[in-house]
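Student: just a sequence and a predicted model for now, questions to come.
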Amino acid sequence: MLHRETVVGVGLMLVAGFFLFYGSQLSFGTGARMGPGFMPVIAAAILGVLGAVILIQNLIARQGDKLPHVNWWALAMVVLGIAAFAALLKPLGLVLASTVLIIIADLASDGRNWLRTIASGLFLGFVSALIFVKGIGLQMPLWPWFMAGF
Amino acid sequence: MELLDHIALGLSVALTFENLAYAFVGCLLGTLIGVLPGLGPLATISMLLPLTYSLQPEAALIMLAGIYYGAQYGGSTTAIIVNLPGESSAVVTALDGYQLARQGKAGLALATAALSSFFAGTVAAIFIAFLAKPLAQVAFQFGPAEYFAMMVVGLILATVLSNARMIESIAMVVFGILLSCIGTDITSGDERFTFGATKLFDGLDFVVMAMAVFGFAEIIKNLSEEDQGKNLGTARITRLMPRWAEIKAMFGPAARGTAIGSILGVLPGGGAAIGSFASYAVEKKVAKDPELFGRGHLAGVAGPEAANNAASQTSFIPLLTLGMPSNAVMALMVGAMMIHDITPGPRVMETNPSLFWGLIASMWVGNLMLVILNLPLVGIWVRLLSVPYKLLYPAIMLLCCIGAFSLKNDVFEIYLCAIMCLAGYIVVALGLPAAPLLLGFILGPMLEENLRRALLISRGDFSVLFSSWISLGFYAVAIVSIIAMTAPSIRTKREVLEE
C-alpha cells in the first residue's frame, strides 16, 4: 500500500527536480555576484534533500499514514467554476458569470435545488455588481456584450 | 513624555470618523468569520486585500487587523454556546466554556471571555507601545547578514513551533521560496521559470497564492469532510453581568494569560492558538482545584481567552519593528503594507508614525467595540451558526474570483487561481502545512536580497554570515529550539496539543 509519506517524499523531489533542471539553465553567478540561478538552485537542492529524507525515513520505517481521501469531484467543480468565471466575465458580464460560477460551485456538494441555486447566483451577482462595480468602482463588464450600453 | 505623545497621535488617527468606521467593519467581519466555521481570518484577509487598494493605508491596515483579532472574539462565542470553536484559538475555551454554559452560566462564560480579552487587548496594546521603540533601535543595528540570519531563524522557529512534522514544514518553506523566484529577477532582469509567458513576468501574486491555498483548497477540504456532529445543543444565554466575586476570580488567570500570550505572540510561529493552550496548561497547574478543569472552571475560560487575544495583538510587534512576519496572517499584512508602498520594518515608525501609532491605538478602540459587539448582540451571532456551508462557500468563491480579477484588472489572475487551487489542494489534502508555504513565499525575495547584499559587501566570503554576534545569537536560538523540539518529551506534548 502506498503511504502518504512516500507520495510526499517523491512529490517534493519531483518539484525540486523541476526547479533544479530549469534553474541550472540560469546563470549561477559567483558568491560576490549572485546570479539569477543562485537562489533557485540552492533552494531546489535543499528541497530535494528534504524530500529524499522523508522518503528514506518512510522506506526504512516501512510504515506511514494512509493516503488521504481525495474528493476529485469537488476539486473538479471548484476548479471548473473558477475557470468558467474567468472565461465568461468579459463576454457575459459580472452578473451572469457569477450565476454560472455559483451553479457549478453548488454541484461540488450534495443536495440539489436548482431554483434556489440560480436565484442565489443572480442575487449574489447583483449584490457584487452593486458593491464592487457601482460602489468601489472596479472596472468590469456588468452585462453581456450585446447588451452593452445599459 | 514621548510615549504619551505617541499615544495621543495614535488616538487622533484611530478616532477619526473614517478610521473608526473601518475598525468597526473589521471587527464586525472578524466576529462574523470567527462565528462561521470553515471561514478563517486567512481566507477573509486574502479575499479583501485587493479591495483595500483604494483605501488610505491606515484605514486598510486598521480594518485588516480588526478582522484578525475580531475573529478571536467570535470564535470563542460559538465555542461557549454550542461547543463549536470557530477558530483554532478557541478550542481550549470550549473545554470549560461549554461546560459552564451547560450549567446555565453561559452569560457568565461569555462575559468572562469578553472581559478577559478586553483586559488582555488593553495591556497588549500598551506592551506594543513600550516595546516597539527599543526593538526598532535594535533592528537599526542590523546589516544584510543579520537580516538574513533573522529571517532564517524566524522561518525555522515558525515551522518548529507550529507543526509537529518539522521536515515537512521546512520543505514547505523552501517550496514557497522557490515559487517566489518565478518572474523577473530584480537584479539581473532575467526571467525565471516564466517560460516566455509575459503575464508571469511580475511573478505570482501572493494574494492569488493565499486565496488558492486558504480559500479554494480549504473549501474543497471542508466539502470532503463528513459533518462533525459535535453540536450538542445550544445553551440558553443567561445573566451577562458577572458578580464582583467572579470578576476577582477571573482577574488572576486573565493577568497570567495576558503575560503568556503577549510573550508567545512576539515569537515567530507563535500566535493566538499556542498562547491559549499554554495558558490553559498553566492555569491547571496553579489552580487550587485542578480537578474542576474541564467541568466548567472560570479560570479555564479567562486565562486562554486573555492569552489568545494578547498573542494576536503582540504578533504585530515583529512585523512592525523588524519587518519579520511571525505567522501567515502577518505575512498577509506584509502584503497589505506593500500594496501601499510601505516596507515593513524599523523605519515604519519614523516614516509613517501616524500609521504605526494609529494602528496600535485602533487595536484598543477595536477591542472596546468587540466587547459591545459580542456581549449584547450575542444572540444574533448564534443565529448565524445555522447558515449552512452549502450557501456559504459559493459566495466565498465568488468573492475570491472578484478579488483576484481586481488585482490587475485581468482575468489571467483568475485562471492562475484555478491552477494554484489545484496545486494548493494537493498540498492541503496531503496534510502538508500551508502556512509555512506562504511565509516562505513572502520572505523568499527578502532572503535573496539580503544574502546578495551581504555577499557583495564581503566579496563572496560566506563567513560574513557568521561574523557578528547578533547573527550567531540568532543561529544559536534556531539550533537550540530545533533540539528542544525534537526532544521526545516535548514532541509528545506537541502531538497531544495538535489533537
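Tutor: That came through, no problem.

Student: residue in the stretch 201-350 of chain B nearest to chain A?
Tutor: Nearest residue of the stretch 201-350 of chain B to chain A (C-beta to the nearest C-beta) works out as B:Ser224 at 3.7 Å. (Each C-beta comes from the backbone N, C-alpha and C, glycine too.)

Student: next one: chain B
Tutor: Closest point on chain B to chain A, by C-beta to the nearest C-beta, is B:Gly460, at 3.0 Å.

Student: quick one: that residue and A:Gly31, what's the gap?
Tutor: From B:Gly460 over to A:Gly31 the distance is 3 Å, taken as C-beta to C-beta, to the nearest Å.

Student: and the nearest residue to B:Val286 once chain neighbours are set aside, how many neighbours?
Tutor: The shortest distance from B:Val286 to any non-neighbouring residue, by C-beta to C-beta, 6 or more residues apart in numbering or on different chains, is to B:Arg256 (7.4 Å). Neighbourhood size, B:Arg256 [other C-beta atoms under 10 Å in any protein chain shown]: 19.

Student: again, but for the one 10 residues further on
Tutor: B:Val266 has 20 neighbouring residues, counting by other C-beta under 10 Å.

Student: ditto for the one 10 residues further on
Tutor: Other residues near B:Ser276 come to 33 when the count uses other C-beta under 10 Å.

Student: one more: A:Ala119?
Tutor: When neighbours are defined as other C-beta under 10 Å, A:Ala119 has 13 of them.

Student: confirm it sits in a strand?
Tutor: No - using DSSP: H, G, I helix; E, B strand; the rest coil, the assignment for A:Ala119 is helix, not a strand.

Student: that older thread, isn't the residue nearest to B:Val286 up against B:Tyr280?
Tutor: No - in this structure, B:Arg256 is not within contact of B:Tyr280 by C-beta atoms under 8 Å, at 10.9 Å.

Student: and A:Val127, which of the three is it?
Tutor: helix.

Student: surely B:Val173 touches B:Leu438?
Tutor: No - B:Val173 lies out of contact with B:Leu438 (C-beta under 8 Å); the separation is 9.5 Å.

Student: where does residue 102 land on pLDDT?
Tutor: Just going to use chain A. Note on A:Ile102: pLDDT of 94.

Student: that's the other chain; I wanted chain B
Tutor: Per-residue confidence for B:Arg102 comes out at a pLDDT of 84.

Student: for B:Gly296, see how far away it is.
Tutor: Counting by C-beta to C-beta, the gap from B:Arg102 to B:Gly296 is 7 Å.

Student: by contact count, what packs against the helix or strand hosting B:Lys285?
Tutor: Assigned by DSSP states H and E, B:Lys285 belongs to helix B:272-286. If you count contacts as 3 or more C-beta pairs under 8 Å, 6 or more residues apart in numbering or on different chains; DSSP states H and E, helix B:272-286 packs onto helix B:91-100, helix B:244-266, helix B:299-314.

Student: swap in 10 Å and give it another go.
Tutor: Identification of packing neighbours for helix B:272-286 by 3 or more C-beta pairs under 10 Å, 6 or more residues apart in numbering or on different chains; DSSP states H and E yields helix B:57-82, helix B:91-100, helix B:106-140, helix B:144-162, helix B:244-266, helix B:299-314, helix B:488-498.

Student: buried ones in it?
Tutor: Neighbour-count burial for helix B:272-286 flags B:272-280, B:282-284 (criterion: 16 or more other C-beta atoms under 10 Å in any protein chain shown).

Student: ok, residue 13 - contacts?
Tutor: As the question left the chain open, I've gone with chain A. By C-beta atoms under 10 Å, 6 or more residues apart in numbering or on different chains, the contact set of A:Met13 is A:20, A:47-52, A:54-55.

Student: to clarify, I was referring to chain B.
Tutor: Taking C-beta under 10 Å, 6+ apart as the criterion, B:Val13 is in contact with B:19, B:56, B:58-59, B:62, B:353-362.

Student: same thing with B:Leu368?
Tutor: Taking C-beta under 10 Å, 6+ apart as the test, what B:Leu368 contacts is B:23, B:27, B:118, B:121-122.

Student: go with 8 Å
Tutor: B:Phe118 (C-beta atoms under 8 Å, 6 or more residues apart in numbering or on different chains).

Student: likewise for A:Phe18?
Tutor: A:Ala44.

Student: part of a helix, is it?
Tutor: Yes - read with three-state DSSP, A:Phe18 is one of the residues of a helix.

Student: tell me, what's touching B:Arg256 and B:Tyr280 both at once?
Tutor: B:Gly303.

Student: just give me the neighbour total for the residue nearest to the residue of the stretch 201-350 of chain B closest to chain A when sequence neighbours are not counted.
Tutor: Of all residues not flanking B:Ser224 in the chain, A:Asn71 sits nearest, at 3.7 Å (C-beta to C-beta, 6+ apart). The number of residues packed near A:Asn71 is 20, by other C-beta under 10 Å.

Student: check contacts around A:Asn71.
Tutor: A:Asn71 touches B:220, B:223-224, counting by C-beta under 8 Å, 6+ apart.

Student: least confident pick among those residues?
Tutor: B:Ser224 (82).

Student: that one against A:Val70, yeah?
Tutor: Yes - counting by C-beta under 8 Å, B:Ser224 touches A:Val70, with 7.4 Å between them.
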